[in-house]
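Colleague: sequence unknown, structure follows:
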(Lines give C-alpha, C1' and ligand atoms only; values in the text may rest on other atoms or scores of the structure.)
Protein backbone atom coordinates (compact mmCIF):
# COMPACT_ATOMS: atom_id res chain seq x y z
CA UNK A 1 0.00 0.00 0.00
CA UNK A 2 2.83 2.38 0.88
CA UNK A 3 4.46 1.64 -2.49
CA UNK A 4 1.19 2.34 -4.32
CA UNK A 5 0.78 5.62 -2.46
CA UNK A 6 4.29 6.69 -3.49
CA UNK A 7 3.63 5.78 -7.13
CA UNK A 8 0.31 7.61 -7.08
CA UNK A 9 1.96 10.70 -5.61
CA UNK A 10 4.71 10.64 -8.26
CA UNK A 11 2.13 10.23 -11.02
CA UNK A 12 0.18 13.24 -9.76
CA UNK A 13 3.41 15.28 -9.68
CA UNK A 14 4.28 14.23 -13.26
CA UNK A 15 0.84 15.33 -14.44
CA UNK A 16 1.30 18.69 -12.72
CA UNK A 17 4.75 19.10 -14.28
CA UNK A 18 3.35 18.28 -17.71
CA UNK A 19 0.63 20.91 -17.32
CA UNK A 20 3.22 23.50 -16.28
CA UNK A 21 5.34 22.57 -19.32
CA UNK A 22 2.40 22.82 -21.69
CA UNK A 23 1.40 26.18 -20.22
CA UNK A 24 4.95 27.41 -20.73
CA UNK A 25 4.93 26.27 -24.36
CA UNK A 26 1.63 28.05 -24.95
CA UNK A 27 2.99 31.29 -23.44
CA UNK A 28 6.10 31.03 -25.61
CA UNK A 29 4.02 30.41 -28.74
CA UNK A 30 1.83 33.40 -27.87
CA UNK A 31 4.84 35.68 -27.45
CA UNK A 32 6.30 34.50 -30.74
CA UNK A 33 3.01 35.27 -32.51
CA UNK A 34 2.93 38.73 -30.92
CA UNK A 35 6.47 39.39 -32.09
CA UNK A 36 5.68 38.20 -35.62
CA UNK A 37 2.66 40.52 -35.85
CA UNK A 38 4.68 43.43 -34.45
CA UNK A 39 7.67 43.09 -36.77
CA UNK A 40 5.86 42.00 -39.92
CA UNK A 41 6.82 39.25 -42.35
CA UNK A 42 8.92 39.35 -45.54
CA UNK A 43 6.94 40.92 -48.36
CA UNK A 44 7.67 38.09 -50.79
CA UNK A 45 6.10 35.45 -48.52
CA UNK A 46 2.88 33.82 -49.65
CA UNK A 47 -0.05 34.81 -47.40
CA UNK A 48 -0.92 31.93 -45.10
CA UNK A 49 -4.16 30.50 -43.78
CA UNK A 50 -5.81 32.11 -40.77
CA UNK A 51 -5.56 28.91 -38.73
CA UNK A 52 -1.97 28.82 -37.47
CA UNK A 53 -1.98 25.02 -37.24
CA UNK A 54 -2.78 24.72 -40.93
CA UNK A 55 -0.04 27.04 -42.13
CA UNK A 56 2.32 25.59 -44.69
CA UNK A 57 6.02 25.73 -43.95
CA UNK A 58 7.13 25.01 -47.52
CA UNK A 59 5.85 27.05 -50.46
CA UNK A 60 6.93 25.90 -53.88
CA UNK A 61 8.38 28.67 -56.05
CA UNK A 62 7.38 28.79 -59.73
CA UNK A 63 10.30 28.27 -62.14
CA UNK A 64 9.21 31.23 -64.28
CA UNK A 65 9.50 33.89 -61.58
CA UNK A 66 12.54 36.02 -60.76
CA UNK A 67 12.82 34.54 -57.27
CA UNK A 68 13.42 31.09 -58.79
CA UNK A 69 15.96 32.44 -61.25
CA UNK A 70 17.91 34.29 -58.57
CA UNK A 71 18.34 31.07 -56.56
CA UNK A 72 19.20 29.15 -59.74
CA UNK A 73 21.85 31.73 -60.61
CA UNK A 74 23.51 31.27 -57.22
CA UNK A 75 23.38 27.49 -57.54
CA UNK A 76 24.91 27.52 -61.01
CA UNK A 77 27.60 30.04 -60.10
CA UNK A 78 29.91 27.16 -59.15
CA UNK A 79 27.74 24.26 -60.41
CA UNK A 80 26.91 25.27 -64.01
CA UNK A 81 25.41 21.85 -64.82
CA UNK A 82 22.98 21.93 -61.91
CA UNK A 83 19.25 22.08 -62.54
CA UNK A 84 16.55 22.76 -59.96
CA UNK A 85 13.84 20.10 -59.77
CA UNK A 86 11.90 21.88 -57.02
CA UNK A 87 12.43 25.06 -55.05
CA UNK A 88 10.63 25.71 -51.78
CA UNK A 89 10.54 28.94 -49.81
CA UNK A 90 10.55 28.24 -46.07
CA UNK A 91 7.89 30.26 -44.21
CA UNK A 92 8.38 29.40 -40.56
CA UNK A 93 7.16 32.34 -38.47
CA UNK A 94 8.70 31.08 -35.24
CA UNK A 95 12.17 30.67 -36.77
CA UNK A 96 11.88 34.03 -38.52
CA UNK A 97 10.92 35.74 -35.26
CA UNK A 98 13.90 34.18 -33.47
CA UNK A 99 16.24 35.25 -36.27
CA UNK A 100 14.91 38.82 -36.09
CA UNK A 101 15.34 38.73 -32.31
CA UNK A 102 19.06 38.06 -32.77
CA UNK A 103 19.28 40.82 -35.36
CA UNK A 104 17.69 43.28 -32.92
CA UNK A 105 20.17 42.17 -30.23
CA UNK A 106 23.05 43.03 -32.56
CA UNK A 107 21.58 46.47 -33.17
CA UNK A 108 21.28 46.99 -29.42
CA UNK A 109 24.94 45.92 -29.23
CA UNK A 110 25.92 48.92 -31.34
CA UNK A 111 25.89 47.35 -34.82
CA UNK A 112 23.61 49.62 -36.83
CA UNK A 113 23.40 47.40 -39.92
CA UNK A 114 24.42 43.82 -39.04
CA UNK A 115 26.01 42.02 -41.98
CA UNK A 116 23.93 39.22 -43.47
CA UNK A 117 24.89 36.72 -46.16
CA UNK A 118 23.07 34.11 -48.18
CA UNK A 119 25.08 30.89 -47.89
CA UNK A 120 24.71 27.20 -48.63
CA UNK A 121 24.23 24.42 -46.10
CA UNK A 122 23.91 20.69 -46.75
CA UNK A 123 22.48 18.51 -43.98
CA UNK A 124 24.24 15.29 -45.02
CA UNK A 125 22.19 12.36 -43.63
CA UNK A 126 19.75 14.53 -41.70
CA UNK A 127 16.38 15.17 -43.31
CA UNK A 128 16.02 18.96 -43.90
CA UNK A 129 12.57 18.88 -42.28
CA UNK A 130 14.28 18.69 -38.89
CA UNK A 131 15.60 22.20 -39.56
CA UNK A 132 12.72 23.91 -41.34
CA UNK A 133 9.94 22.45 -39.19
CA UNK A 134 11.54 23.36 -35.86
CA UNK A 135 9.69 26.01 -33.87
CA UNK A 136 12.64 27.63 -32.14
CA UNK A 137 16.21 27.07 -33.31
CA UNK A 138 16.35 25.51 -36.78
CA UNK A 139 20.12 25.04 -37.13
CA UNK A 140 21.19 23.88 -33.66
CA UNK A 141 24.57 24.16 -31.93
CA UNK A 142 23.66 21.31 -29.58
CA UNK A 143 24.10 18.83 -32.43
CA UNK A 144 27.19 20.34 -34.03
CA UNK A 145 30.46 18.39 -33.96
CA UNK A 146 33.99 19.80 -33.92
CA UNK A 147 35.49 20.95 -37.24
CA UNK A 148 38.59 22.84 -38.31
CA UNK A 149 37.05 26.06 -37.01
CA UNK A 150 35.83 24.45 -33.82
CA UNK A 151 32.38 23.36 -32.76
CA UNK A 152 29.94 25.49 -34.71
CA UNK A 153 27.38 25.64 -37.53
CA UNK A 154 29.10 26.05 -40.89
CA UNK A 155 27.83 27.77 -44.06
CA UNK A 156 29.55 27.99 -47.45
CA UNK A 157 29.69 30.74 -50.06
CA UNK A 158 29.92 28.29 -52.97
CA UNK A 159 27.23 25.77 -53.78
CA UNK A 160 29.70 23.13 -55.00
CA UNK A 161 31.24 23.00 -51.52
CA UNK A 162 27.93 22.26 -49.77
CA UNK A 163 26.96 19.85 -52.58
CA UNK A 164 29.43 17.43 -50.98
CA UNK A 165 27.12 17.37 -47.94
CA UNK A 166 23.74 17.52 -49.70
CA UNK A 167 20.89 15.34 -48.45
CA UNK A 168 19.84 12.41 -50.66
CA UNK A 169 16.03 12.15 -50.38
CA UNK A 170 15.75 9.03 -52.54
CA UNK A 171 17.38 7.05 -49.73
CA UNK A 172 14.11 7.64 -47.86
CA UNK A 173 11.84 6.98 -50.83
CA UNK A 174 9.48 4.60 -48.99
CA UNK A 175 9.42 6.72 -45.87
CA UNK A 176 8.59 9.82 -47.91
CA UNK A 177 5.61 8.05 -49.41
CA UNK A 178 4.34 6.82 -46.04
CA UNK A 179 5.48 9.72 -43.82
CA UNK A 180 7.01 7.33 -41.27
CA UNK A 181 9.18 8.26 -38.33
CA UNK A 182 12.75 7.19 -39.05
CA UNK A 183 16.25 7.69 -37.81
CA UNK A 184 19.28 8.68 -39.85
CA UNK A 185 20.81 5.28 -40.45
CA UNK A 186 22.30 5.15 -43.89
CA UNK A 187 25.74 6.02 -45.19
CA UNK A 188 25.79 9.12 -47.37
CA UNK A 189 27.13 8.15 -50.79
CA UNK A 190 27.59 11.69 -52.08
CA UNK A 191 31.04 12.33 -53.51
CA UNK A 192 33.21 13.79 -50.78
CA UNK A 193 34.63 16.37 -53.17
CA UNK A 194 38.29 15.51 -52.68
CA UNK A 195 40.11 18.56 -53.94
CA UNK A 196 43.39 18.31 -52.11
CA UNK A 197 42.28 20.69 -49.36
CA UNK A 198 41.35 19.76 -45.83
CA UNK A 199 37.63 19.30 -45.31
CA UNK A 200 36.19 21.21 -42.39
CA UNK A 201 36.06 18.72 -39.56
CA UNK A 202 37.80 15.88 -41.46
CA UNK A 203 38.45 13.10 -38.93
CA UNK A 204 36.14 14.72 -36.39
CA UNK A 205 33.11 14.19 -38.57
CA UNK A 206 33.07 16.73 -41.40
CA UNK A 207 32.65 14.28 -44.26
CA UNK A 208 29.22 12.71 -43.91
CA UNK A 209 28.15 13.59 -40.37
CA UNK A 210 30.13 16.80 -40.21
CA UNK A 211 30.04 19.74 -37.89
CA UNK A 212 29.23 21.93 -40.82
CA UNK A 213 26.18 20.13 -42.01
CA UNK A 214 24.62 17.66 -39.55
CA UNK A 215 22.78 17.33 -36.27
CA UNK A 216 24.00 13.85 -35.41
CA UNK A 217 21.79 11.42 -33.56
CA UNK A 218 18.62 13.46 -33.87
CA UNK A 219 15.43 11.56 -34.58
CA UNK A 220 13.31 13.14 -37.26
CA UNK A 221 10.26 12.79 -39.44
CA UNK A 222 10.41 12.82 -43.23
CA UNK A 223 7.77 15.30 -44.29
CA UNK A 224 6.29 14.48 -47.66
CA UNK A 225 7.96 16.62 -50.32
CA UNK A 226 7.10 14.12 -53.01
CA UNK A 227 9.15 11.11 -54.10
CA UNK A 228 12.61 12.12 -55.29
CA UNK A 229 14.60 10.59 -58.10
CA UNK A 230 17.79 8.66 -57.44
CA UNK A 231 20.09 11.45 -58.66
CA UNK A 232 18.35 14.31 -56.83
CA UNK A 233 19.88 16.07 -53.83
CA UNK A 234 18.63 18.74 -51.41
CA UNK A 235 20.34 21.57 -49.54
CA UNK A 236 19.50 24.94 -48.02
CA UNK A 237 20.24 28.46 -49.12
CA UNK A 238 20.23 30.10 -45.71
CA UNK A 239 20.23 33.69 -44.49
CA UNK A 240 23.10 33.98 -42.02
CA UNK A 241 23.43 36.79 -39.50
CA UNK A 242 27.18 37.45 -39.52
CA UNK A 243 27.54 40.65 -37.48
CA UNK A 244 31.16 41.31 -36.51
CA UNK A 245 33.57 38.68 -37.82
CA UNK A 246 37.19 37.64 -37.64
CA UNK A 247 39.03 35.87 -40.45
CA UNK A 248 41.05 32.86 -39.32
CA UNK A 249 43.38 30.62 -41.35
CA UNK A 250 43.95 27.13 -39.98
CA UNK A 251 46.75 26.54 -42.53
CA UNK A 252 49.05 29.30 -41.26
CA UNK A 253 50.83 27.07 -38.75
CA UNK A 254 50.37 24.11 -36.46
CA UNK A 255 49.57 26.53 -33.63
CA UNK A 256 46.92 28.23 -35.74
CA UNK A 257 45.39 24.86 -36.60
CA UNK A 258 45.12 23.87 -32.95
CA UNK A 259 43.64 27.26 -31.97
CA UNK A 260 41.04 27.06 -34.75
CA UNK A 261 40.06 23.49 -33.85
CA UNK A 262 39.55 24.39 -30.20
CA UNK A 263 37.01 27.16 -30.84
CA UNK A 264 33.64 26.90 -29.11
CA UNK A 265 32.97 30.65 -29.34
CA UNK A 266 34.54 33.30 -31.58
CA UNK A 267 37.74 35.01 -30.34
CA UNK A 268 37.69 38.21 -28.29
CA UNK A 269 37.36 41.54 -30.13
CA UNK A 270 39.59 44.01 -28.29
CA UNK A 271 38.18 46.99 -30.18
CA UNK A 272 34.68 46.31 -28.80
CA UNK A 273 35.68 44.63 -25.54
CA UNK A 274 33.56 41.57 -26.35
CA UNK A 275 33.64 38.50 -28.57
CA UNK A 276 33.22 38.57 -32.33
CA UNK A 277 29.95 37.12 -33.55
CA UNK A 278 31.26 34.99 -36.43
CA UNK A 279 34.43 33.30 -37.66
CA UNK A 280 35.21 33.36 -41.38
CA UNK A 281 37.60 30.94 -43.05
CA UNK A 282 38.30 29.23 -46.35
CA UNK A 283 38.22 25.64 -47.53
CA UNK A 284 38.14 24.09 -50.99
CA UNK A 285 38.33 27.60 -52.52
CA UNK A 286 35.13 28.70 -50.76
CA UNK A 287 34.54 31.17 -47.99
CA UNK A 288 33.07 29.57 -44.88
CA UNK A 289 31.11 31.31 -42.14
CA UNK A 290 30.81 29.65 -38.74
CA UNK A 291 28.30 30.73 -36.10
CA UNK A 292 28.27 29.44 -32.55
CA UNK A 293 24.74 30.39 -31.47
CA UNK A 294 21.28 29.03 -32.21
CA UNK A 295 18.94 31.29 -34.15
CA UNK A 296 21.66 33.08 -36.13
CA UNK A 297 20.65 31.51 -39.45
CA UNK A 298 17.29 31.18 -41.18
CA UNK A 299 16.65 28.41 -43.78
CA UNK A 300 15.45 30.73 -46.55
CA UNK A 301 15.10 28.16 -49.34
CA UNK A 302 15.21 24.39 -49.68
CA UNK A 303 16.46 23.35 -53.11
CA UNK A 304 16.02 19.93 -54.71
CA UNK A 305 18.35 19.67 -57.68
CA UNK A 306 20.30 17.44 -60.02
CA UNK A 307 23.71 17.77 -61.61
CA UNK A 308 23.52 16.68 -65.25
CA UNK A 309 26.22 15.63 -67.68
CA UNK A 310 27.59 18.56 -69.68
CA UNK A 311 26.55 16.90 -72.94
CA UNK A 312 22.90 16.63 -71.98
CA UNK A 313 20.36 19.19 -73.04
CA UNK A 314 19.42 21.70 -70.36
CA UNK A 315 15.87 22.23 -69.22
CA UNK A 316 14.19 25.56 -69.81
CA UNK A 317 14.96 26.80 -66.29
CA UNK A 318 18.71 26.31 -66.50
CA UNK A 319 20.37 29.20 -68.36
CA UNK A 320 18.09 32.09 -67.50
CA UNK A 321 19.31 35.18 -65.67
CA UNK A 322 16.49 37.57 -64.68
CA UNK A 323 16.70 41.23 -65.58
CA UNK A 324 16.61 42.15 -61.91
CA UNK A 325 19.93 40.29 -61.36
CA UNK A 326 21.83 41.54 -64.40
CA UNK A 327 24.58 44.02 -63.70
CA UNK A 328 24.94 43.02 -60.04
CA UNK A 329 28.02 41.54 -58.46
CA UNK A 330 27.24 37.83 -58.48
CA UNK A 331 30.52 37.10 -56.75
CA UNK A 332 29.30 38.29 -53.34
CA UNK A 333 26.74 36.69 -51.09
CA UNK A 334 25.97 39.80 -49.10
CA UNK A 335 22.27 40.40 -48.67
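Modeller: Thanks, I have it. Note that the structure is a prediction, hence the values are computed from the model and not measured. Numbers count the residues shown, from 1 in each chain.
Colleague: any low-confidence regions in the stretch 1-150 of the chain?
Modeller: When residues are selected by pLDDT under 70, those of the stretch 1-150 of the chain lie in 1, 25, 28-39, 48-54.
Colleague: all helices of it, in order?
Modeller: Assigned by DSSP state H, counting those that start in this stretch, the helices in the stretch 1-150 of the chain fall at 2-39, 66-78, 93-108, 129-132.
Colleague: among these, which comes closest to residue 240?
Modeller: Distance to residue 240, taken as CB to CB, is lowest for helix 93-108 among the helices of the stretch 1-150 of the chain, at 9.6 Å. For the C-beta atoms, the positions are set from N, CA and C on the backbone; glycine is no exception.
Colleague: so which bits of that closest one are buried?
Modeller: Neighbour-count burial for helix 93-108, with 16 or more other CB atoms under 10 Å as criterion, is recorded at 93-100, 102-103, 105-106.
Colleague: mind checking how far it is from the chain centre?
Modeller: Mean-position distance between helix 93-108 and its chain equals 16 Å (CA atoms, centre = their mean, to the nearest Å).
Colleague: so which other helices or strands are in contact with that helix?
Modeller: When contacts are defined as 3 or more CB pairs under 8 Å, 6 or more residues apart in numbering; DSSP states H and E, helix 93-108 packs onto helix 2-39, strand 233-241, strand 297-307.
Colleague: ok and that helix relative to strand 297-307, angle-wise?
Modeller: Helix 93-108 and strand 297-307 are oriented at 120 degrees to each other (axes from the mean of the first three to the mean of the last three CA atoms, to 10 degrees).
Colleague: now helix 93-108 and strand 233-241, what's the angle there?
Modeller: Using the same axes, to 10 degrees: helix 93-108 against strand 233-241 is 30 degrees.
Colleague: list the contacts of stretch 9-29.
Modeller: The contact list for stretch 9-29, computed with CB atoms under 8 Å, 6 or more residues apart in numbering, reads 94, 135.
Colleague: circling back to that earlier point, and of the helices and strands packed on helix 93-108, who's closest to residue 89?
Modeller: For the helices and strands packed on helix 93-108, proximity to residue 89 was assessed by CB to CB; strand 297-307 is nearest, at 5.9 Å.
Colleague: neighbouring strands - and their directions - for that closest one?
Modeller: If you go by DSSP bridges, strand 297-307 pairs up with strand 82-90 (antiparallel), strand 233-241 (antiparallel).
Colleague: single out the most deeply packed of those.
Modeller: Stretch with highest mean neighbour count among the strands paired with strand 297-307: strand 233-241 (a mean of 24; mean count of other CB atoms under 10 Å).
Colleague: that older thread, any chance of TSV for the helices and strands packed on helix 93-108, columns distance to residue 113?
Modeller: Converted to TSV, the helices and strands packed on helix 93-108 look like this (distance: least, CB to CB, whole Å):
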stretch	distance to residue 113
helix 2-39	17
strand 233-241	12
strand 297-307	17
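Colleague: indicate which one of these is closest to residue 287.
Modeller: Of all the helices and strands packed on helix 93-108, strand 233-241 sits nearest to residue 287, with 11.2 Å by CB to CB.
Colleague: state the pLDDT value of the closest residue to residue 157 other than its chain neighbours.
Modeller: Distance criterion CB to CB, 6 or more residues apart in numbering; nearest residue to residue 157, sequence neighbours excluded, is residue 287 at 4.0 Å. pLDDT for residue 287: 94.
Colleague: where does residue 287 fall, phi/psi-wise?
Modeller: phi -70, psi 140 (degrees, to the nearest 10).
Colleague: can you tell me who it pairs with across the strands?
Modeller: According to DSSP bridges, beta-bridge pairing links residue 287 with residue 282.
Colleague: that one: what's it in contact with?
Modeller: 156-158, 280-281, 333.
Colleague: do residue 60 as well
Modeller: Going by CB under 8 Å, 6+ apart, residue 60 touches 86-89.
Colleague: against residue 84, how distant is it?
Modeller: 11 Å (CB to CB, to the nearest Å).
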